[in-house]
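Q: quick check, what structure comes out for this input:
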Amino acid sequence: MTISPKSSLVTLGLIALTCWGCNHASGRPVGAGKPIVIHLTSEGFPISDAAVDLSGVGGGTLVSSDGEATLDHVPFGSYRVVIHSNVRMTEIIPTVESATQRSSKRPPKSSIPSKYHDEKTTPLEIEVTKDGPDRFEFDLSK
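A: This next block holds a predicted model:
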C-alpha cells in the first residue's frame, strides 16, 4: 500500500485542526478561564492528604501541606468539587513484606468523608467567572 503525498497532507491538516486551541498537556480545548485556588479545612485545620478534581474538567491536582489546591486554568463555568483521599500506594501495597504481613495490612481510613468522593454526592460547588472569585474556601467538617 502506498500513501500519496496528498493524503498525507490531508491527514496532517486534520490533526492540526483537531489540536488547534488544545491544551498541549491534556489535549483538552482551552477556552476562556483563569487560575483558581481551592482551600480545604476541617474544623479550622488545613487538609493536606487529598486531591481535588472538578466535574467535567478532569485532571485535578494534589492539595499542598497548607490545604490549598491550585488549578492553573479552569474554563469559566459551574463545577462540582470532588475530593479524593491522597493515599500513597506504598501505604496500601508495601514493597517488601511476608504474605502474612501483607494480608493483615488494611488501607488507611480516609480523613475525607465519602460524600465528597463522587460528583453525584458532593455538596461542594463553585462558579468560575471572569469577575468572580479565584479562591474558594471549604470546611469539610460542616
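Q: use CA for all of it now, contacts and neighbours both
A: Will do.
Q: who's in contact with the host helix or strand of Val81?
A: Assigned by DSSP states H and E, Val81 belongs to strand 77-85. Contact with strand 77-85 is made by 49-56, 110-112, 116-119, 122-129, as judged by C-alpha atoms under 8 Å, 6 or more residues apart in numbering.
Q: please redo it, this time with the cut-off set to 7 Å
A: 49-55, 110, 112, 116-119, 122, 124-129 (C-alpha atoms under 7 Å, 6 or more residues apart in numbering).
Q: okay, now the sheet partners of that strand, with direction.
A: Listed by DSSP bridges, the sheet partners of strand 77-85 and their directions read strand 50-54 (antiparallel), strand 125-128 (antiparallel).
Q: neighbours of Gly56, just the number please.
A: 10 (other C-alpha atoms under 10 Å).
Q: ignore what I typed, I meant His39.
A: Neighbourhood size, His39 [other C-alpha under 10 Å]: 21.
Q: tell me what it is bridged to.
A: Note on His39: beta-bridge partners by DSSP bridges are Glu68, Glu137.
Q: hmm, it is touching Glu137, no?
A: Yes: with contact defined as C-alpha atoms under 7 Å, His39 reaches Glu137; the gap is 4.8 Å.
Q: what about the closest residue to Gly44 other than its chain neighbours, how many neighbours?
A: Leaving aside its chain neighbours, Gly44 sits nearest to Asp139 (7.1 Å; criterion: C-alpha to C-alpha, 6 or more residues apart in numbering). Applying other C-alpha under 10 Å, we find 15 other residues in the vicinity of Asp139.
Q: kind regards, and thank you for your time.
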